[in-house]
Structure formats: structure tokens, C-alpha cells
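Visitor: Quick one: sequence and predicted model below, then my questions.
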Amino acid sequence: MANTYSQIYIQVVFTVSGRINLIKKNGKMNYINTLQGSSKVMDKNQ
């Protein structure tokens, strides 16, 4: 099979016990909205 293309995405997520939340609950939505806005801008540029 010439010119065959495959792609694998591997995602690893881990946490440690006893961690502290550095993002306050009232600022979490603002942070999420900022990230979503950044990703939309990046999508338009591609």
C-alpha cells in the first residue's frame, strides 16, 4: 500500500494527591472563555 498515511494521538493526564487549586472558582469561567477565544482565533488563522 503505497502512500499510506496514519496518525496516532496519545494523551496522558495525571494528577498528584494533595494538590491545591490555584485558579479560584469565580475566575475559572473567565479563564476557560479566554482559552476558547484564543483557540477560535488560531483556527481562523490556519
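Guide: Perfect, I can see it now.
Visitor: For this structure, just list every one of the strands.
Guide: Using DSSP state E, no strands are assigned anywhere in the chain.
Visitor: Quick check: which ranges of it have low pLDDT?
Guide: For the chain, applying pLDDT under 70 flags the ranges 1-2, 39-46.
Visitor: one more time with 90
Guide: The chain contains residues with pLDDT under 90 at 1-8, 11, 13-46.
Visitor: how about the helices in it?
Guide: 25-45 (DSSP state H).
Visitor: any idea how far Asn33 is from Gly27?
Guide: 11 Å (Cβ to Cβ, to the nearest Å). To be clear about C-beta, it is placed using only N, CA and C from the backbone, and glycine gets the same treatment.
Visitor: what residues do these two have in common as contacts?
Guide: Common contact partners of Asn33 and Gly27 (Cβ atoms under 8 Å, 6 or more residues apart in numbering): none.
Visitor: I'd like the distance between Thr15 and Asn21.
Guide: 11 Å.
Visitor: Nice, that's everything, thank you.
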